[in-house]
Structure formats: C-alpha cells, structure tokens
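Novice: requesting a structural model of the entry that follows:
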Amino acid sequence: MVESFLENDEVHNVTVNGDQYRAMITNFFIPELNNHDVQELWFQQDGATCHTARATNDLLKDTFVDRLISRFGTVNWPPRSCDLTPLDYFLWGYVKSLVYADTPQTLDHLEDNTSRVIADIRPQMLEKVIENWTSSLGYIRASRCSPMPEIRFKM
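Specialist: Presented below is the predicted three-dimensional model:
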C-alpha cells in the first residue's frame, strides 16, 4: 500500500488533481510494480474525478489491461457500492478510527498517525478481511439481495 501526503512549494496540503494522480502512478506506483509479478494483479479505484479522467484510465489500462476496476474502466465500478469492497467495508473505517483516536491537532500529527496505522496493518489481518468479505458475498448471493439477518464478522 502506498501512502502519500501532497504538498505544494509553500508546504500546504493540496487536493489531488488528475495530473498529480497520474504523476504518482507514473513516478511511484508503476516503478514499484516493476519489482513484482503483476500478471494476475487487479487495480481498483473509486469514482473520484482524478481517478475517472480518460487520461488516467488510459494510463492504467496500459499496465492492467482488462484488470482495471474503475468508473469507465474495463470493469465498471458499481455506483454507490460503499460496502462491496474490503477497502470500503473495513479498511478505511478501521484506519480512520485509529488515526483519529487521539484527536490529532496538527497536520504533522495526522500524517504521523496515518503512517503508523498503515505500517501496522499485517497481512494476516487483510487475509481475514478478505475471508469475511468473501463470506458476506455468499450471504448476498443466497439472499438475492433481500434483507439479510445480522452478519457478524470475525477478526
């Protein structure tokens, strides 16, 4: 997982635009991928504007071909699907709860907390999240999207 805090020349945080996002992909992400076998790797991103720009999708399709899950990607991102992915249904809430546990008062404190929490995530936790997520998909299929009884996930 790559984390990045973007600042301008005056050291103010900035919102990521399409050009900056593509620069991160080109300069950091793709070179890191070159150190790994990515033939079976899928890339997933949400519907943020910088993610859905045609130039961004074209760049990612060059690397991931038909394994791009994104709005306008080769596999379309399901709209308003907040819990259909492990990142959405678990990881972001988990990270946010720990990052803000001590109510960071400065940007440096927030960045330190975020870096620490991300670094502390272990593969075993992610494997369990995938296992629970896969199980929940089974419940969704079986229910044919009707209301389901309470589902409990194990950690």
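
Novice: which stretches of this protein form strands?
Specialist: For the chain, the strands defined by DSSP state E occupy 43-44, 68-69.

Novice: ok, the first one: who's next to it in the sheet?
Specialist: Sheet pairing here is set by DSSP bridges, and for strand 43-44 it gives strand 68-69 (parallel).

Novice: what's the spacing between the strand it pairs with and its chain's center?
Specialist: Relative to its chain's centre, strand 68-69 lies at 12 Å (CA atoms, centre = their mean, to the nearest Å).

Novice: same thing with stretch 105-113?
Specialist: Put simply, stretch 105-113 sits 21 Å off its chain's centre (CA atoms, centre = their mean).

Novice: same question for stretch 27-39.
Specialist: How far stretch 27-39 lies from its chain's middle: 16 Å, per CA atoms, centre = their mean.

Novice: go through the helix ranked longest in the chain and flag the buried ones.
Specialist: Counting residues, the longest helix found in the chain (DSSP state H) is helix 123-143. The neighbour-count check on helix 123-143 (16 or more other CB atoms under 10 Å) flags 129, 132, 133, 136 as buried. To be clear about C-beta, it is placed using only N, CA and C from the backbone, and glycine gets the same treatment.

Novice: give the rounded mean pLDDT of that helix.
Specialist: Averaged across helix 123-143, the pLDDT comes to 78.

Novice: and it, what does it pack against?
Specialist: helix 86 (3 or more CB pairs under 8 Å, 6 or more residues apart in numbering; DSSP states H and E).

Novice: around residue 56, how many other residues sit close by?
Specialist: 22 (other CB atoms under 10 Å).

Novice: my guess is it meets residue 48, correct?
Specialist: No: under the criterion of CB atoms under 8 Å, residue 56 is not in contact with residue 48, lying 9.7 Å apart.
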